[in-house]
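S.K.: 3D model of this:
(2 chains)
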Amino acid sequence: MTLNLDSKVPDGDIETAWSRYRQKIKLVNPANKRKYHVIVVGTGLAGASASATMSELGYKVSAFSFHDSPRRAHSIAAQGGINAAKNYQNDGDSIYRLFYDTVKGGDFRAREENVYRLAQVSVDIIDHCAAQGVPFAREYGGLLANRSFGGALVSRTFYARGQTGQQLLLGAYQALAKEIARKNVTMYTREEMLDLVVIDGQAKGIITRNLVTGKVTRHAADAVVLATGGYGNVFYLSTNARASNVTASWRAYKRGAGFANPCFTQIHPTCIPVMGDHQSKLTLMSESLRNDGRVWVPKKKDDFRPASQIPEDERDYYLERIYPTFGNLVPRDVASRAAKNMCDQGHTVVQGGQGVYLDFSAAIKRLGHDVVDDRYGNLFEMYERITGDSPFKTPMKIYPAVHYTMGGLWVDYNLQTTIPGLYAIGECNFSDHGANRLGASALMQGLADGYFVLPYTIGDYLATQKAGFSDTTHAAFDEAEDSTNKRTQALLNVKGKRAPNSFHRELGKLTWEYCGMARTKEGLEEGLSKLPALKEAFWNDLSVPGTGGALNQALERAGRIADFIEFAEVKMKDALTREESCGGHFREEHQHPDGEAKRDDENFSHGAVWEYTGENSEPVRNQEPLGFRYVKPSTRSYK
Amino acid sequence: MNINVKVWRQNGRDAKGAFESHTISVVPEMSFLEMLDMVNEKLESEGKDPIAFEHDCREGICGSCGAMVNGEAHGPSDRTTLCQLHMRSYKDGDTVTIEPWRAEAFPVIKDLVVDRSSFDRIIQAGGFISVRTGAAQDANQTPIGKIIADAAFDAATCIGCGACVAACPNASASLFTSAKLFHLNSVPQGEVERATRTVAMTKQMDEEGFGYCTNHGECEASCPKGISISHIAAMNRDLLRATFFGK
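M.R.: Now for the predicted structure:
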């Protein structure tokens, strides 16, 4: 069996592709829309915006969140901003330029037509969010303000101080609240999806577990949308929220959805460095800081004098030196690798650890304390709260950390996975960022998918379906519920001696060491050889106290970790078989003499889509070839 | 350093709760929640029920975490959520007493986990601007002065954690409700629904069983985002206006 990877991208010129395509999409009669029921799992930016918009269109929507409220989704933590090709700054921005920057930034591993559509609808997102009352930053004249982000030479990033994700998520959350109040969306909180139900090859429902009562429930629908985020927590330490997990995507994969490019993970260059074994998560410092902050390390190795005592000529502003054109605003993958190289060569600024300086003294001198405070005040406060140091007085210490995952469930132009009726939106899918995502593009993509793409494209499928599927007595529901219960029971029955977290920490160390910022064939093979022992230890020595019939946070964690352990294997296999370096995937064997990533377009200009073939059987690697009609693949240069 | 943890355990809304004590060795760089993680890992490895508490982003923005620590919402540091509190705020031998938010409108689910869905229902009552996707004009068609936009933003930074309610002697949700009202009522896009929104959200707040505001000011003092109590005055003014001049 091989996966059907027809991307369904429209032929013809790319500028008119989306509008031509929309005209072709089958429509559902407004009177019939209410008969169709759509399940949306996850209510972050993508899920909340999709639920609200589909409900406005008239579909009956059931939305699921494992949080106590949709407002907790991790979209809320996005700091810096959202890109849109508005050209409000008159600096030469355009839809084409945003499209070009995104394809190039993704190191030519994204589908051009999807990216062009993303750039097109980016302008509508800003209009819509402003109309919702999202308090974007403004200039004194009352117009919207912009700033710059990595990988771009224009100012196209809209922001709300350092809390853009919060304000956009609250906008989507409020739109969702409006539809819940209208009783057109049924909101299920503290309800976790544990399996997908597929009937005759089509997604027809899900199995959920209520996190308070433990009750397992069957939900039937005409289509299922996953908006369940990324898998960054496979590394244990990441900037993701603690509960972020791969479970929903993984269940879908095991039911037949192709999983694309799992080795593409983004390592964000500016995070607070790791400070000890106890650490439970890493905190991001927004990329926007690189607008005014200068990155440097001491020229001398092992130089641990306080920053203020290192004179100017003994500092190496290495990003400005190596990449004079983009300077401190090179894309994330480039900045991260440069920081790693500096530290590997002994120029770290953290004794016994790894880190580089991000210095604001020049900006404070140039702009004054108040302007810097206005731009970055909340980030500086956050930094000080965690480290005890004020960036107004000493440079920040930063180091790269896992932040975002470009890989995800494979989707076509409609955002439909390889299972008809199952859709994936937001970080959960793989489509738009290629091998590296540019800053301020995650919010853009989540909202593009949710507000402006899925609500149209889902109609094309629903129009072919008989409305109102509700048969939860079907044998497929029996089987899915049964396997969910067995799984829960298996976790409870191990009755070993180790807390779930201890396995997660071990898995994280393993994936970071062998499949982190730099990867090698030998390392990946070693990592893969160590996974089975970890899996075995997990299933022999796990301790989950309590029962499945009540609030049991250890059980929740254990289930997610079990899936991460399985997922890590496919992720490493993907990294091993992609014999090239591109974007966030850096294979040490494949680099240019100057250390830059060396792509292999002849052999790897494709999406690698993994197909589940059974519990004890090797997954199959399928390929979706990528064609580049507009942006000719070249070696990325930010010099 | 050693910390004595005295934590509230309660197995369900109607169960009788009690304090449970643990002593744990920590380092100053640890966050408060990482200390609880350590206690839990120990409990779990011994097959004992871990302390249930909510948390997610651990960077002070999702609003999931929160507890009374030695009688203070989110602990002793100003403008800091519980996840951002670090053990360097304590010294060897200190005792921390950890309790859930206590308010009638926030029933305890288990240990430190409470049900804050009443906040969602207040938002559902009118905490939005009724605009359909696709119906908006160009964003720069409606300029908003920087001062107004900044003030709206300040109100909109509420994270919905519930510390204001827990700190208030009346368990009032006035700060939460008024912050959302101020955000939406102060921008031009929200003007049309201003009166109906104010009436609906304040009504829902009362129905949820929150108390009245009697100007103690504990809410502002405990708010991790520093949201100003002046929004409550603005809410009352808008409510008065809506009552006298209609919707």
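
S.K.: hey, let's count contacts and neighbours off CA atoms from now on
M.R.: Noted.

S.K.: Burial check on residue 159, number of neighbours?
M.R.: Here I'm looking at chain A. 27 (other C-alpha atoms under 10 Å in any protein chain shown).

S.K.: that answer is for a different chain, and I need it for chain B
M.R.: 22.

S.K.: same thing with the one 5 residues further on?
M.R.: When counting by other C-alpha under 10 Å, one arrives at 26 neighbours for residue B:164.

S.K.: can I assume it is in contact with residue B:218?
M.R.: Yes. Shown here, residue B:164 and residue B:218 form a contact pair, counting by C-alpha atoms under 8 Å, at 7.1 Å.

S.K.: Do a quick rundown of the strands in chain B.
M.R.: B:2-9, B:18-25, B:68-69, B:72-73, B:95-99, B:108-110, B:113-114 (DSSP state E).

S.K.: possible to save those strands as CSV with distance to chain A?
M.R.: Formatted as CSV, the strands of chain B follow (distance: least, C-alpha to the nearest C-alpha, whole Å):
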stretch, distance to chain A
strand B:2-9, 13
strand B:18-25, 12
strand B:68-69, 18
strand B:72-73, 17
strand B:95-99, 18
strand B:108-110, 8
strand B:113-114, 9
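
S.K.: so can I have TSV of these showing mean neighbour count, distance to residue B:149 and mean pLDDT?
M.R.: TSV is the format used below for the strands of chain B (neighbours: other C-alpha atoms under 10 Å in any protein chain shown; distance: least, C-alpha to C-alpha, whole Å; pLDDT from 0 to 100):
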stretch	mean neighbour count	distance to residue B:149	mean pLDDT
strand B:2-9	19	42	98
strand B:18-25	13	46	98
strand B:68-69	20	33	98
strand B:72-73	25	29	98
strand B:95-99	21	37	98
strand B:108-110	22	37	98
strand B:113-114	25	33	98
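
S.K.: Strands of the stretch 151-300 of chain A, start to end?
M.R.: A:157-158, A:185-188, A:191-199, A:202-210, A:216-220, A:223-226, A:259-260, A:265-271, A:294-298 (DSSP state E, counting those that start in this stretch).

S.K.: Name every strand pairing with the fourth one and say which way it goes.
M.R.: Its sheet considered, strand A:202-210 pairs with strand A:191-199 (antiparallel), strand A:216-220 (antiparallel) by DSSP bridges.

S.K.: Tell me where chain B has helices.
M.R.: Here chain B has its helices, by DSSP state H, at B:32-45, B:117-126, B:146-156, B:163-167, B:174-186, B:194-207, B:218-222, B:230-245.

S.K.: taking the ones you listed together, which one is wrapped up most tightly?
M.R.: helix B:163-167 (a mean of 28; mean count of other C-alpha atoms under 10 Å in any protein chain shown).

S.K.: Not counting its neighbours along the chain, what's nearest residue B:1?
M.R.: residue B:92 (4.6 Å; C-alpha to C-alpha, 6 or more residues apart in numbering or on different chains).

S.K.: got a list of what the one you found touches?
M.R.: Contact partners of residue B:92, counting by C-alpha atoms under 8 Å, 6 or more residues apart in numbering or on different chains, are B:1, B:2, B:3.

S.K.: Please name the residues that touch the second one.
M.R.: Contacts for residue B:2 were tallied using C-alpha under 8 Å, 6+ apart; they are B:23, B:24, B:25, B:26, B:92, B:93, B:94.

S.K.: try it again with 10 Å
M.R.: Residue B:2 makes contact with B:23, B:24, B:25, B:26, B:27, B:90, B:91, B:92, B:93, B:94, B:95 under the criterion C-alpha atoms under 10 Å, 6 or more residues apart in numbering or on different chains.

S.K.: hey, what's it bridged with?
M.R.: residue B:25.

S.K.: coming back round to it: how much space is there between the residue nearest to residue B:1 and chain A?
M.R.: Distance of residue B:92 to chain A, computed by C-alpha to the nearest C-alpha, to the nearest Å: 18 Å.

S.K.: Tell me where chain B is predicted with low confidence.
M.R.: Residues of chain B meeting the criterion pLDDT under 70: B:247.

S.K.: rerun that using 50 as the cut-off
M.R.: Of all residues in chain B, none has pLDDT under 50.

S.K.: Likewise for chain A?
M.R.: Short version for chain A, where the test is pLDDT under 50: none.

S.K.: buried stuff in the lengthiest helix in it?
M.R.: Of all segments of type helix in chain A, defined using DSSP H, the longest is helix A:553-577. Neighbour counts over helix A:553-577 (16 or more other C-alpha atoms under 10 Å in any protein chain shown) mark A:553-565, A:567-576 as buried.

S.K.: Next, format the strands of the stretch 151-300 of chain A as a markdown table and append mean neighbour count.
M.R.: Formatted as a markdown table, the strands of the stretch 151-300 of chain A follow (neighbours: other C-alpha atoms under 10 Å in any protein chain shown):
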| stretch | mean neighbour count |
| --- | --- |
| strand A:157-158 | 22 |
| strand A:185-188 | 21 |
| strand A:191-199 | 24 |
| strand A:202-210 | 23 |
| strand A:216-220 | 20 |
| strand A:223-226 | 26 |
| strand A:259-260 | 28 |
| strand A:265-271 | 27 |
| strand A:294-298 | 25 |
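
S.K.: okay, these in JSON lines with distance to residue A:29 next?
M.R.: Output for the strands of the stretch 151-300 of chain A, formatted as JSON lines (distance: least, C-alpha to C-alpha, whole Å):
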{"stretch": "strand A:157-158", "distance to residue A:29": "37"}
{"stretch": "strand A:185-188", "distance to residue A:29": "19"}
{"stretch": "strand A:191-199", "distance to residue A:29": "25"}
{"stretch": "strand A:202-210", "distance to residue A:29": "21"}
{"stretch": "strand A:216-220", "distance to residue A:29": "22"}
{"stretch": "strand A:223-226", "distance to residue A:29": "17"}
{"stretch": "strand A:259-260", "distance to residue A:29": "33"}
{"stretch": "strand A:265-271", "distance to residue A:29": "41"}
{"stretch": "strand A:294-298", "distance to residue A:29": "56"}
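
S.K.: Great, nothing more from me.
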